[in-house]
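Undergrad: I need the structure of the sequence given here:
(chains A, B and C)
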Amino acid sequence: MTVTKILLVDDEVEFVSALSERLRLRNYDAKAVYHAEDAMPTIMKDKPDVVLLDLKMPGIDGIEILKAIKKFDTTIKVIILSGQGDREIADEGIKVGAFDYVMKPVDIGEIITKIEQAKKSR
Amino acid sequence: MRKIFTRFLNTLFHPHDYFRILGRDRYKSLKIRIVLLDAMISLVPLIIVVTISYFWFQSILKEDFRNQVKWEIENTEQSIEYFVDGKVSALRFLASSYSYEQLSDQKMLNDIFTKFENEFSGLVDLGLIDSNGIQQAYAGPYPLIGKDYSNQEWFNEVIVRNVYVSDVFMGYRRLPHFAIAVKKNCPEKRSFCILRATIDMKILKRFASTINLRENDDAFIINHDGILQTPSQFHGDVLNKFKLPVLIPERGVSVLDLKELNGGPAIFGYVPITNSPWILVAVVKSTPYLRIPKIFRNELLLISILSVFIGVTVTFLMAQTVVNRIRKADQEIEDAMAKTEQASKLASIGRLAAGVAHEINNPLAIINEKAGLMKDILEMSGDLQQNKEKFLGLISAIFDSVNRCSTITHRLLGFARRMEITFEVIDLNDVIKEVIGFLEKEIAFRNIRLELKLKEDLPKIESDKGQLQQVFLNIINNAVDAIEEGGLIEVSTRVKDKNTVLVSIRDTGSGIPKNKLKSIFEPFYSTKEKGEGTGLGLFISYGIMKKLGGIILVESELNKGTTFTVEIPIRAGDGEGGHV
Amino acid sequence: MESEKDSDLRLVQLSLIAKIIASFTHEVKNHLAFIKESAGLVGDIMESRKSLTKQDIQQSLNVLQSVKDQIGKTSDLCNYLNRFAHRMDKPFSTFGVNETLEELLVLLHKLSSQKRIILERDFDKNLPAIHSDPAKLQFLIFCIIEEKLRRLDNNSRIIVKSAHSSESITIEVIPRGNSVETVEEGICPHEICQYLIKQLGGSISQEAEEIVVTLPVAGSPLHNVP
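TA: Numbers count the residues shown, from 1 in each chain, chains lettered A, B, ... in the order given. Here you go, the predicted structure:
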């Protein structure tokens, strides 16, 4: 059983560091980047299985990153981390190729379920 | 006098200044202004035209009348002339038809006289006078046979002239007559004789009377010395002297306007009667030509008054319509402003509420994860020793996030409170400092020097804090944008008078060109790039200050800077809008 | 005339929103306070002990769970506010009346709980969507509820019921409790309510203390576009 590699991309440091730690406690290989520019290089280097992506980072269009990820490797599953009022963006993300989305504040159980689903679908 | 005139002109063209005391009734003053000006413009030429027409018409009528008098005089003169000529011809005919013998024959002469009398109106007597001036034969009522006329002027005149028409003289029985004499050549006697007829003056009088005379008028005949030949109504009886006011020319009709003739102005018409020693005179004092204008004047007056009345009424109604339209348009603008303001408030609070709801999620998510992590760690290993610091760190992070949430919602609450228009007693300096607080970071970031000259003991004012902050925020924001980098913004407060305080915001930015100054308070006026700013800031601020009873004033010089001055009433009351 | 009413309406709408926001922030503050206290409590436990007993661990876990629950509640509340705020974006949309009523009731919770008045829902599950102005509708119902809140004694109930017929839907506001005399002025003058219902193309009727708002379903001939 391979360890699922997860990359979290979100500018909210406190949140994403806590979440990635919680994932690590559950035996995921979770890593976080806090700047959008670091996303692609890290993905290309680490080749994660699942990416948890916040679409609403300042200064950068999350959808563009999503497209870039998909372009780079279609097998990478992207789960969108969405704020409560961003249903539309999340839906758009799904259209562009995201696997699913979760609303913040996240329920850890829900995230785990979706990560497993994403992994299975690879 | 000049002062009053200037005042009047001012009221006419700028009644607004004088009606300012009435406050909002600039519409009334506008109406009055329109009606006054319009009335003046239409009335003045009307009055001028009517007056000119009136006098012109009157003079035409007078002229007409004079011509009529002239014509009548002429006609009468002609008649008299023909009459005299007729009589002279008749006499001449007699003289040539009969010989001296026949004429000197008393019986024959009587006979001739009788026959002649029927045809010859006014004939009094007929006489034959020999070359020595002795009346040889005489037919008539007076005993004049043998009278010697040789010394009389007429006798000598007729010898020379062959025909002679005499002035009127008092004959026997003191009745006025005149005489016509013709010279007859008597070749058989190698001499001449004179046939003379005396005619009753009444004939002349009848002629004079044919001139259409009214009550105060007088027509009569005089001789060249002014002796009346016919009786006159106002100027004396026959043979009285009539004072000639002018020199009579030898021929032709003259009609003069005399200012003074026998106690007043008169039309004086006269004409020498050809072939006679007489002058026909008419003194016309009546002024029938004035009566007509009087009627005309009454009608004219009526029409004028009526048209003035109609004109003023129509003008008033039109002014009313126009001013009402203007008022309606102004009201619509005010409403639109209010709407825009409210719409923008509604929109902004909506945005803010949505924004808050959104923003809050992040700190909430953090708390969630931190708490979750703590739970995980506790569940997996309840070892305090190892994880104590971590736990405490997590708790601390939770606190931070809670604070963050608080700040966010607090801001929302503050904004919501400000949505309602509430008047309260506020310290203006504090309000300004709060606003500066919002913009401090931006100002520092752009290297702009900020100077606050807030007067101590500035009296507290009664106004709406939220709205004032909106205004100051807008103006100071504009100042920051005008400067871009470096430069100075100076905000000062002071007392203007016992009712007003001032806030001045001066910047050393790019300034506003004079021709644009007037437009800055208009909606959608913006010097910013497309997409930046709505152009509504100053427009809304203007509206706010107007509602709060204040004013926004602006002064600016290109490349030197701009100063906005906001006047705020100390007590909530009425005032005026923003102007430059 | 119309614009005057419109601007009056807007002013009152702003007041409404201010009230709702006030209620919201009050509630959020409470939640946050609870979270803070809870976290503080766990922190105290951590700090004061040398090592954790089973009880300590259990207690901490419980507290932390309640923190998470509270987060959930707060988040929900923010959702409602968000949705409510966005209702004003479009004067015309197709929306579910029950959802808008729910938003309103959630956001009014604090306000009603001040007088311990319970807001109950009795929603028709099959209520069709209507095409109208959601913000105005919320506003109208708010006005009605607000008046009832003022007039009811403490510890009363207000039931908000939705139902539908083939052509229209009805919203009933049913107070249950004793009335009180009040001099307090309501947010919403009567004329504004009338104006609102007219704009919504519906009607309002009153039977005893119960108020019924009837609105046409989209497409019905009753519906008139202002």
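Undergrad: any idea which helix or strand comes after whichever strand or helix holds residue C:161?
TA: Using DSSP states H and E, residue C:161 falls within strand C:157-164. Following strand C:157-164 in sequence order, the next helix or strand is strand C:168-176 (DSSP H and E).
Undergrad: So what touches whatever helix or strand comes next after that following strand?
TA: Next helix or strand after strand C:168-176 toward the C-terminus (DSSP H and E): helix C:190-200. Residues outside helix C:190-200 that contact it (CB atoms under 8 Å, 6 or more residues apart in numbering or on different chains): C:5, C:8-9, C:12, C:132-133, C:136-137, C:139-140, C:143-144, C:203-204, C:213, C:215, C:226. Just so you know, the C-beta spots here come from the backbone N, C-alpha and C atoms, and that holds for glycine as well.
Undergrad: Then stretch B:108-124?
TA: Contacts of stretch B:108-124 (CB under 8 Å, 6+ apart): B:87, B:90, B:94, B:98, B:102-103, B:125-128, B:137-141, B:171, B:177, B:197-200, B:202-203.
Undergrad: among those, which are in helices?
TA: B:87, B:90, B:94, B:102-103, B:202-203 (DSSP state H).
Undergrad: got those as CSV, with distance to chain A and pLDDT columns?
TA: Formatted as CSV, the ones in helices among the contacts of stretch B:108-124 follow (distance: CB to the nearest CB, whole Å; pLDDT from 0 to 100):
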residue, distance to chain A, pLDDT
B:87, 132, 87
B:90, 135, 88
B:94, 141, 86
B:102, 151, 84
B:103, 149, 83
B:202, 129, 84
B:203, 128, 82
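Undergrad: Need the residues you listed in TSV (columns: distance to residue B:423 and neighbour count).
TA: Listed next are those as TSV, based on distance: CB to CB, whole Å; neighbours: other CB atoms under 10 Å in any protein chain shown:
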residue	distance to residue B:423	neighbour count
B:87	115	20
B:90	119	17
B:94	125	22
B:102	135	16
B:103	132	23
B:202	109	15
B:203	109	20
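Undergrad: Can I get these in TSV including distance to residue B:346?
TA: Shown next, in TSV, are the ones in helices among the contacts of stretch B:108-124 (distance: CB to CB, whole Å):
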residue	distance to residue B:346
B:87	117
B:90	121
B:94	127
B:102	137
B:103	134
B:202	113
B:203	112
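Undergrad: and chain C, which of these reach it?
TA: The subset of those within reach of chain C, by CB under 8 Å from any CB of the partner chain, is empty.
Undergrad: And the host helix or strand of residue C:136, what does it pack against?
TA: Residue C:136 is part of helix C:134-151 when elements are defined by DSSP H and E. If contacts are counted by 3 or more CB pairs under 8 Å, 6 or more residues apart in numbering or on different chains; DSSP states H and E, helix C:134-151 sits against helix C:2-48, helix C:54-87, helix C:97-107, strand C:157-164, strand C:168-176, helix C:190-200, strand C:210-216.
Undergrad: Show me what the first one is packed against.
TA: Under the contact criterion of 3+ CB pairs under 8 Å, 6+ apart, the helices and strands touching helix C:2-48 comprise helix B:288-380, helix B:384-419, helix C:54-87, helix C:97-107, helix C:109-113, helix C:134-151, helix C:190-200.
Undergrad: so residue A:26 sits right up against residue A:112, yeah?
TA: Yes - between residue A:26 and residue A:112 there is a contact under CB atoms under 8 Å: 6.7 Å.
Undergrad: For residue B:567, list each beta-bridge partner.
TA: For residue B:567, the beta-bridge partners are residue B:502, residue B:551 (DSSP bridges).
Undergrad: what residues are up against it?
TA: Residues in contact with residue B:567 (CB under 8 Å, 6+ apart) are B:496, B:500-502, B:545, B:550-553, B:575.
Undergrad: That one and residue B:430, how far apart?
TA: Here the criterion is CB to CB, to the nearest Å. By it, residue B:567 lies 19 Å from residue B:430.
Undergrad: Residue C:159 too?
TA: Using CB to CB, one gets 47 Å for the distance from residue C:159 to residue B:430.
Undergrad: Okay, strands next: where are they in the stretch 1-150 of chain B?
TA: Counting by DSSP state E, counting those that start in this stretch, the stretch 1-150 of chain B has these strands, from start to end: B:123-130, B:135-139.
Undergrad: Tell me which other helices or strands the last one touches.
TA: Right, strand B:135-139. Applying 3+ CB pairs under 8 Å, 6+ apart, one finds that strand B:135-139 contacts helix B:100-104, helix B:106-119, strand B:123-130.
Undergrad: what's next to that strand, contact-wise?
TA: By CB under 8 Å, 6+ apart, strand B:135-139 touches B:103-106, B:109-110, B:112-114, B:125-130, B:144-149, B:193.
Undergrad: With only the CA atoms kept, save that strand in PDB.
TA: Provided in PDB are the C-alpha atoms of strand B:135-139 (Å, rounded to 0.1, in the frame of the first residue of the first chain):
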ATOM      1  CA  GLN B 135     -74.400 161.100 -59.700                       C
ATOM      2  CA  GLN B 136     -76.700 161.800 -62.600                       C
ATOM      3  CA  ALA B 137     -79.200 159.000 -62.200                       C
ATOM      4  CA  TYR B 138     -80.000 156.800 -59.200                       C
ATOM      5  CA  ALA B 139     -82.300 154.000 -58.600                       C
END
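Undergrad: which stretch among the helices and strands packed on helix C:134-151 comes nearest residue A:67?
TA: Comparing the helices and strands packed on helix C:134-151 against residue A:67 with CB to CB, the closest turns out to be helix C:54-87 (27.3 Å).
Undergrad: quick one on the thing from earlier: can you pick out the most distant pair from the ones in helices among the contacts of stretch B:108-124?
TA: Taking CB to CB, no two of those sit farther apart than B:102 and B:202, at 29.8 Å.
Undergrad: Could you list the domains of chain C?
TA: Chain C breaks down by automatic domain parsing into domains covering C:22-87, C:95-216.
Undergrad: nearest spatial neighbour of the residue in chain C sticking out farthest from the centre, skipping sequence neighbours?
TA: Most distant from the centre of chain C: residue C:50, at 47.8 Å, with distances by CA atoms, centre = their mean. In space, residue C:50 comes closest to residue B:384 once its chain neighbours are excluded; the distance is 7.1 Å by CB to CB, 6 or more residues apart in numbering or on different chains.
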